[in-house]
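>>> Build the 3D model from these lines:
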Amino acid sequence: MPKSVRDPQVRDVFGRAESRRVRQVMVDGHPVEVAVPFASPVDWRDQWIYFLMIDRFNNPAAPPASTTLNPPVAFDQPFGGFQGGTFEGVRRQLGYIRDLGAGAIWLSPVFKNCQYEANTFHGYGIQDFLHAEPRFSSDPVAAGQHPDLADDELAALVDEIHARGMYAIFDVVLNHAGNVFGYVIGSSTNQPEADFRTEPYEIRWHDEHGNGAFADIAHPPGPLARDAGVWPLELQHNELFRREGRAADVPRAHGDFASLKQIVSENGQVADTLIRAYQYVVARFDCDGFRIDTFKVPDPAFGHLFCASMREFGLSIGKENFFTFGEITVNESDLRTFIGRDTKAENNDTIGIDSALDFPVEGTIAGVVKHADGSPHPPQALADLYEVRKRVEREVVTTHGEASGFFVTFLDNHDRHQRFYFDDPANHGRFDDQLTLALATLFGLQGIPCVYYGTEQGLHGIGGSDASVREALWGRPGGFDKNHAFYHMLRALAGVRATQPAMRYGRQYFRQISGNGREFAISTFTPGVIAFSRILNAQEVLVVANTAIDATFAGAVIVDAALHADGDAFTLAFSNQANPTPPGAARTAAGGSVTIREISGVTTAGPARVLPVTVRPLEVHIMRG
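Presented below is the predicted three-dimensional model:
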């Protein structure tokens, strides 16, 4: 069991990763041969991602911990402790996820957190960057004594993900470790948090019980327990941690995240250690990509170097397309400074992270579809977002090509205070179509869609903190119900995306609509009608979504004149409602008979090829021309 990134066991794992081999994995009682290391997908746009929190997904051996309390706390109510989800629980439901149509699974952090911390079920408070969290093992007590048990269960989970034809994405942290030391403040030698200041505090590293015991972890008075301090041992130096308290009223580039202690990422020893540790993770567990937490916070040069190093290591062992995407909560103009290589900037010629979570699209879809946050947006806002993105990313180079095509798009995540889906307690099901409309829009837009666990089962947490959206899914009555309407709808939607290459690779154009057949514009009203095309070679896929909750849209939408002649029909490939009205035949609106407001603001007079469509309230159509 390695304690250092230079241990012989680490070298052995690297050596095995460089030698191609085949492993036999049992899937539903049948042996399946899996190549190790597992090859990357040719194109990540062919996948969509299912994101789950390990502690909150499934435990086949026990109910959620909160439901066993006196009084019990329901599976879907805020709860700050470990619910008990396990690696084995995830493995047991891989068939459920695969049948849903997902091509990749993003796992919340799998690494060992401080064992004396009872509330780090989320996994972001890492104490050991080389080993799996024993509390996610089927036998946490045994795994606490023998860490290889948890490591082996995690490896077996990834093997079966691969055997089922999916890919595994690990959630990793570069910015901070867990609550691995306390601050010396006044008479206290173990304060978990401290106010920010610009010079380091005196600290005491934690022993295995969470007590502030060591002033200098590099020279402890005796052998350091595996549950004490921080690992690997190359990180066991005071100067490798900021030690300046929490970043509350200062730029988040300097300071802890509450009790999570910030690492000095610009330090060369930190960079070397974390790069080698995470390369070991790839070699040991055979994961296929990294989602990188708080990517905008660590030193940018280190971020670029880290991602390039992961990519090159992947290439060296046969993972030619190892994928990295970051949590980067900035506006469109700033986003470009993190993605790929900006040809006008100095990033040591290193192409950095491949992609980012698409927070701008998430917020805009919520505003357009739900008219959310007191600032509802018309569909024009979604078109404008992509126009800005096209302009600011014009000179950004990535390993994949156009960055926007590889952003990871989403409706929900684990850091929000409410899920996208709202179940009106006074009228259950009233907003079901709103969710499926939004999912269809997400799956139609550029990018790699990501669905948060439980969406397919109608989870609808809402409250005052992120605890409201971290439900213990297996505690839900009916559990993993493949007959749930949302499960069926999402599976159908995934099937359409899988069979329509234009939805994965196509160019994207927002389309003008008209209710009277004469005046065409991208919808500027709230609620409005979202309309856009994805075009690939001679294929056009058209998405039209009516966000109104009480008004039908019967009108026309512009389509590509070069691809469609008068009388051509579009096939309705998907609707989120029963008995949809098929689109009419394409026709030509003669020049001078129409006015068309282009996305640039210029008005033209046609001619144009238009398609008659009828979409009911909260209905979405995906049509193939």
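>>> switch to C-alpha atoms for all contacts and neighbour counts from now on
OK.
>>> Ser4 is in what secondary structure piece?
When secondary structure is defined by DSSP states H and E, Ser4 falls outside every helix and strand.
>>> wait, it sits on Gln236?
No - Ser4 lies out of contact with Gln236 (Cα atoms under 8 Å); the separation is 10.4 Å.
>>> Do a quick rundown of the helices in the chain.
8-17, 54-57, 87-92, 94-100, 140-145, 148-163, 268-285, 300-316, 332-335, 359-365, 379-392, 432-444, 485-499, 501-505 (DSSP state H).
>>> So for Ile558, which of those sits nearest?
helix 379-392 (14.9 Å; Cα to Cα).
>>> can I get the CA coordinates of the closest one in PDB?
The C-alpha coordinates for helix 379-392 follow below in PDB (Å, rounded to 0.1, in the frame of the first residue of the first chain):
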ATOM      1  CA  PRO A 379     -35.200  32.400 -26.100                       C
ATOM      2  CA  GLN A 380     -33.200  35.200 -27.600                       C
ATOM      3  CA  ALA A 381     -30.900  35.100 -24.500                       C
ATOM      4  CA  LEU A 382     -29.900  31.600 -25.400                       C
ATOM      5  CA  ALA A 383     -29.000  32.600 -28.900                       C
ATOM      6  CA  ASP A 384     -27.100  35.600 -27.700                       C
ATOM      7  CA  LEU A 385     -25.000  33.500 -25.300                       C
ATOM      8  CA  TYR A 386     -23.800  31.300 -28.200                       C
ATOM      9  CA  GLU A 387     -23.000  34.400 -30.300                       C
ATOM     10  CA  VAL A 388     -20.800  35.800 -27.500                       C
ATOM     11  CA  ARG A 389     -19.200  32.400 -27.000                       C
ATOM     12  CA  LYS A 390     -18.400  32.200 -30.800                       C
ATOM     13  CA  ARG A 391     -16.800  35.600 -30.700                       C
ATOM     14  CA  VAL A 392     -14.700  35.300 -27.500                       C
END
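>>> contacts for that helix?
Contact with helix 379-392 is made by 332-333, 336, 360-361, 364-365, 368, 404, 510, 522-526, 528-530, 599, as judged by Cα atoms under 8 Å, 6 or more residues apart in numbering.
>>> Worst mean pLDDT among the helices of the chain?
Out of these, helix 332-335 stands lowest, with a mean of 75 (criterion: mean pLDDT).
>>> So what's the gap between it and the chain middle?
How far helix 332-335 lies from its chain's middle: 19 Å, per Cα atoms, centre = their mean, to the nearest Å.
>>> got a list of contacts for that helix?
Contacts for helix 332-335 (Cα under 8 Å, 6+ apart): 328, 360, 388-389, 392.
>>> The same query, at a cut-off of 7 Å, please.
Residues outside helix 332-335 that contact it (Cα atoms under 7 Å, 6 or more residues apart in numbering): 389, 392.
>>> Could you do stretch 307-315 as well?
275, 279, 320, 322, 324, 350-353.
>>> ok, 6 Å please
320, 322, 352-353 (Cα atoms under 6 Å, 6 or more residues apart in numbering).
>>> For these, which single residue is the most surrounded?
Gly352 (30 neighbours; other Cα atoms under 10 Å).
>>> Skipping its backbone neighbours, what lies nearest that one in space?
In space, and not counting its chain neighbours, Gly352 is closest to His304: 4.0 Å by Cα to Cα, 6 or more residues apart in numbering.
>>> thought the one you found was touching Asp354?
No - at 9.9 Å, His304 and Asp354 do not qualify as touching, with contact defined as Cα atoms under 6 Å.
>>> how close does the residue lying closest to Gly123 once chain neighbours are set aside sit to Thr329?
Nearest non-adjacent residue to Gly123, counting by Cα to Cα, 6+ apart: Pro109, 4.8 Å away. The gap separating Pro109 from Thr329 is 19 Å, by Cα to Cα, to the nearest Å.
>>> neighbour count winner among the two?
Neighbour count, other Cα under 10 Å: between Pro109 and Thr329, Pro109 has more, with 25 against 16.
>>> count of neighbours near the residue nearest to Gly352?
Other residues close to His304 by other Cα under 10 Å number 22.
>>> Also Ala573?
18.
>>> Next, the contact list for it, please.
622-623.
>>> cutoff 8 Å now
Contacts of Ala573 by Cα under 8 Å, 6+ apart are 496, 621-624.
>>> Can you read off the pLDDT for it?
98.
>>> same question, the one 10 residues further on
The score at Pro583 is 97. That number is its pLDDT.
>>> Settle this for me: it is touching His621, isn't it.
No - in this structure, Pro583 is not within contact of His621 by Cα under 8 Å, at 9.1 Å.
>>> Would you mind telling me which of these two has more residues around it?
Per other Cα under 10 Å, whichever of Pro583 and His621 has more neighbours is His621, with 28 against 18.
>>> I'm done for today, thanks for sticking with me.
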